[in-house]
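In: I need the structure of the sequence given here:
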Amino acid sequence: MLHSESRTVRSSHLPLKKMKNKLVIIVIGVLLLQSCTNNLDLLPKDQLTVPTTFVDYNGFKTYAWAFYGVFLGYNASVPDSDNDGDLFLNANPNGQSRWAFQQITIPSSSGDYNGPYQNIRAINIMIDNIDGSKLNSADKLHWRSVGYFFRAVNYANLLNRYGGVPLILKTLTDADEQELFAPRNTRDEVAKQILSDLAFAEKNIKPAGDGDNTVNTNVVRAFVSRFGLMEGTWRKYHGLAEPETYLKASAEASAKLITAFPTLIPNYDEEFNSASLAGVRGILLYKQYETSQLTHILSSRARQAAGRWDLTKKAADMYLMTDGQTRFTSPLFQGDKSPYTEFRKRDKRLYYTVPPPFKVTVNGQTWAPTSVTADAEYLPLMASLTDDLHKPLPTMNWSGNYVRFEPHYADDAQGQAFCVTYTGYRFYKFYNRLVNGVQNQDNSDAPVFRMAEVFLNFAEARYELGTLDQSVIDNTVNKLRDRGGVARLTINKIPADPMRDATVDAVLWEIRRERAIELMGEGFRFDDLRRWKKLDYISERKLGRWIKKGVDVAANATVPILNGASEGYIAYEPAPPGIVPDYYYLYPIPSNQLVLNPQIVQNPGWK
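Out: Okay, the predicted model is just below:
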């Protein structure tokens, strides 16, 4: 699990654009000291050594670039993780969630466990070399703060999955046998260490960090906002002590940020599909992508056959009507038996997340309207909400071929295998046309911390602390609703929602709804259900749109309908076997860790 220090820091550099100020998540790849060789005088010329790296400010800065790799950015595993929640369906054969169907087994090894410890080792090496450097006192405090911040992020990832884990707060060598084979620290100990590290960082990091798009005071506060809410609500709903400590930390950090960044950019889609997020209001940290330097695949995946993420019927139903009511109670709702009526007068964020319905005739890479006027209903709407580089209708694949119709069912695609869906609610939040004619070379920047999340964290933390009032809602939830074109929430006049979980207060239900909608597909939902102790939601059957064979799909289409009917809700997945057991709230520790360190005990329930 841990290795002795060889006094060597290996570093491989990629060409970077404006590396000094940009988070291109610089795969400087500090591979870290995993050799136990004593031949320290035989160092390759391209290696950095501890004595030459940790000398001056630039040495620390160069070394620390690698720490940013903890933020995944636009990695396919981010929306993939939402498939384990209740609002997404993996639109592939046999793509059902292993969590919902209770098929999780103990892995022999896992990068989710090893990876953070490798990062923590790298961070501890830097921290341990601060005092012996030539840095002045203020710079020493700054780089210790940077180290503490990233150590806290990595430990928070471990705590979230596994609960208590061994705390390693210095660089270990073979002589540190007691620490190398230490038992797990308690959840309390790990959580308190994380909060302590973050408190130090917030106080001592340089307010502006190391230039644009680097960790600074606001970024530290954004992570306190996220971690404090996660840990505080976990403790509350799992019956652990001191939830208020963490909820207060979240609320206080969030309040400071909301004072500094009280507004959002008007266009929701631009937070996810911009060629550059530099200077965008409400974006606190982002992962920068640059053509020919560092690119991603998420936009391409939404424009090809491999893009198989779908919202469920439950997710689509959560989006409110423009009058602030649900589709079950609003007089504006005209029914869900047609995609055209279902999408009318809804939260704008739905149009940016699922393609609105349309039909066109296609001839190669050109299109024309059909003879049916209704088929073009949403084309002018999207023209008013977006531009040619983002989400105009009709949709197209990566090479410029237009989709004939949306919803575009996988088993009724009429020869177009790309941009298909199982449920009828295809997820295309990260779809844009910034890059055409090239696959998997997308360059849209990925937000890491954005104020919309902070607004939601603040509202939820204040509710859980019993200090929520209308002013908090107006400064958080209602700003998000304003951007979505939805009527504002008044906490003493909440419209009834017949789908509300009766065990959840109506105000909290609306805060959680807003969180689900705003953060849809960003990798939060499964962890939210875990911290709320609501994994029973993933035991619900995942359904899709209402369709009628011979009308919405061909009469012989193999799209399965609930109960084998010819008309009804799409039902690809069977019902899960039942409520997931309590031990599923924590991940199993990889078995190789139990072999390497017999003092580590497996999480209860995993066998």
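
In: Every contact and neighbour count from this point should use C-alpha atoms.
Out: OK.

In: hang on, residue 568 in a strand?
Out: Yes. Counting by DSSP: H, G, I helix; E, B strand; the rest coil, residue 568 is part of a strand.

In: Check it and give its pLDDT.
Out: With respect to pLDDT, residue 568 scores 98.

In: Repeat that for residue 175.
Out: 88.

In: Could you do residue 14 as well?
Out: Note for residue 14: predicted pLDDT of 27.

In: Would you state the strands of the chain in chain order?
Out: Listed in chain order, the strands of the chain (DSSP state E) span 8-10, 47-49, 88-90, 283-287, 309-311, 358-363, 366-369, 405-406, 446-450, 546-548, 567-569.

In: Let me have these in JSON lines, extended by mean neighbour count.
Out: Listed next are these as JSON lines, based on neighbours: other Cα atoms under 10 Å:
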{"stretch": "strand 8-10", "mean neighbour count": "21"}
{"stretch": "strand 47-49", "mean neighbour count": "16"}
{"stretch": "strand 88-90", "mean neighbour count": "29"}
{"stretch": "strand 283-287", "mean neighbour count": "24"}
{"stretch": "strand 309-311", "mean neighbour count": "28"}
{"stretch": "strand 358-363", "mean neighbour count": "19"}
{"stretch": "strand 366-369", "mean neighbour count": "13"}
{"stretch": "strand 405-406", "mean neighbour count": "24"}
{"stretch": "strand 446-450", "mean neighbour count": "21"}
{"stretch": "strand 546-548", "mean neighbour count": "20"}
{"stretch": "strand 567-569", "mean neighbour count": "20"}
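
In: how about those strands, which one is nearest residue 175?
Out: Residue 175 lies closest to strand 8-10 among those, at 18.1 Å (Cα to Cα).

In: average pLDDT for the closest one?
Out: Mean predicted confidence for strand 8-10 is 32.

In: Let me have the strands of the chain in CSV, adding distance to residue 57 as columns.
Out: Shown next, in CSV, are these (distance: least, Cα to Cα, whole Å):
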stretch, distance to residue 57
strand 8-10, 16
strand 47-49, 15
strand 88-90, 45
strand 283-287, 22
strand 309-311, 44
strand 358-363, 56
strand 366-369, 56
strand 405-406, 54
strand 446-450, 25
strand 546-548, 61
strand 567-569, 61
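
In: Minimum distance to residue 519: which of these has it?
Out: Comparing those by Cα to Cα, strand 446-450 comes nearest, at 10.5 Å.

In: Please tell me I have it right and residue 209 contacts residue 218.
Out: No. Under the criterion of Cα atoms under 8 Å, residue 209 makes no contact with residue 218, lying 9.3 Å away.

In: check contacts around residue 542.
Out: If a contact means Cα atoms under 8 Å, 6 or more residues apart in numbering, then residue 542 has 86, 89, 312-314, 571-573, 575 as its contacts.

In: Please tell me how far it sits from residue 571.
Out: Distance of residue 542 to residue 571, given as Cα to Cα, to the nearest Å: 7 Å.

In: what do you get for residue 440?
Out: Residue 440 sits 31 Å away from residue 571, going by Cα to Cα.

In: Neighbour count: those two, which is higher?
Out: residue 571 (21 against 14; other Cα atoms under 10 Å).

In: next one: the longest helix belonging to the chain to chain centre, how far?
Out: Using DSSP state H, we find that the single longest helix of the chain is helix 137-162. Distance of helix 137-162 from the chain centroid (Cα atoms, centre = their mean, to the nearest Å) equals 20 Å.

In: ok, the residue nearest to residue 238 when sequence neighbours are not counted - how many residues close by?
Out: The shortest distance from residue 238 to any non-neighbouring residue, by Cα to Cα, 6 or more residues apart in numbering, is to residue 533 (6.9 Å). Look at residue 533: counted by other Cα under 10 Å, it has 17 neighbours.

In: check contacts around residue 533.
Out: Per Cα under 8 Å, 6+ apart, neighbours of residue 533: 234, 237-238, 585.

In: what do you get for residue 229?
Out: Per Cα under 8 Å, 6+ apart, neighbours of residue 229: 246-247, 250, 457, 460-461.

In: distance of it from residue 583?
Out: 22 Å.

In: picking up where we left off before, which of the contacts of residue 533 are buried? Put it as a ChimeraX command.
Out: Provided next is the ChimeraX selection string for whichever of the contacts of residue 533 are buried by 16 or more other Cα atoms under 10 Å:
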select :234,585
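
In: would you turn the contacts of residue 533 into CSV with pLDDT and distance to residue 484?
Out: Shown next, in CSV, are the contacts of residue 533 (pLDDT from 0 to 100; distance: Cα to Cα, whole Å):
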residue, pLDDT, distance to residue 484
234, 98, 29
237, 98, 30
238, 98, 33
585, 98, 33
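
In: Any buried residues in stretch 221-238, and which?
Out: Within stretch 221-238, the residues scored as buried using 16+ other Cα under 10 Å are 221-236.

In: cool, and stretch 394-406?
Out: 394-398, 400-406.

In: Kindly reformat those residues as TSV and extend each row with pLDDT.
Out: TSV is the format used below for these (pLDDT from 0 to 100):
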residue	pLDDT
394	98
395	97
396	96
397	96
398	95
400	94
401	95
402	96
403	97
404	97
405	97
406	98
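
In: now, among the residues you listed, which is nearest to residue 133?
Out: residue 398 (50.4 Å).

In: Could you check how far that closest one is from residue 440?
Out: 9 Å.

In: Which residues are in contact with the nearest residue to residue 389 once chain neighbours are set aside?
Out: Nearest non-adjacent residue to residue 389, counting by Cα to Cα, 6+ apart: residue 433, 4.6 Å away. Listed by Cα under 8 Å, 6+ apart, the contact set of residue 433 reads 388-391, 398.

In: again with residue 277
Out: Shown in contact with residue 277 (Cα under 8 Å, 6+ apart): 271, 283, 286, 288, 445-447.

In: Now the longest helix of the chain: average pLDDT?
Out: For helix 137-162, the per-residue pLDDT averages 98.

In: Please, a ChimeraX command that selects the buried ones among the contacts of residue 433?
Out: A single ChimeraX command selects the buried members of the contacts of residue 433 (16+ other Cα under 10 Å):
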select :390,391,398
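
In: which residues of the stretch 401-550 of the chain fall in helices?
Out: For the stretch 401-550 of the chain, the helices defined by DSSP state H, counting those that start in this stretch cover 451-465, 470-475, 477-484, 506-518, 525-531.

In: So, low pLDDT: which residues of the chain?
Out: Low-confidence segments of the chain, defined by pLDDT under 70: 1-48.

In: change it to 90
Out: 1-52, 75-79, 94, 173-180, 307, 364, 607 (pLDDT under 90).

In: circling back to that earlier point, okay, and which of the contacts of residue 542 map to helices?
Out: Among the contacts of residue 542, the residues falling in helices (DSSP H) are 313-314.

In: Which one (most neighbours) among the contacts of residue 542?
Out: Within these, residue 89 tops the neighbour count with 31 neighbours, counted by other Cα under 10 Å.

In: so what's that one up against?
Out: 83, 95-96, 309-312, 423, 542.
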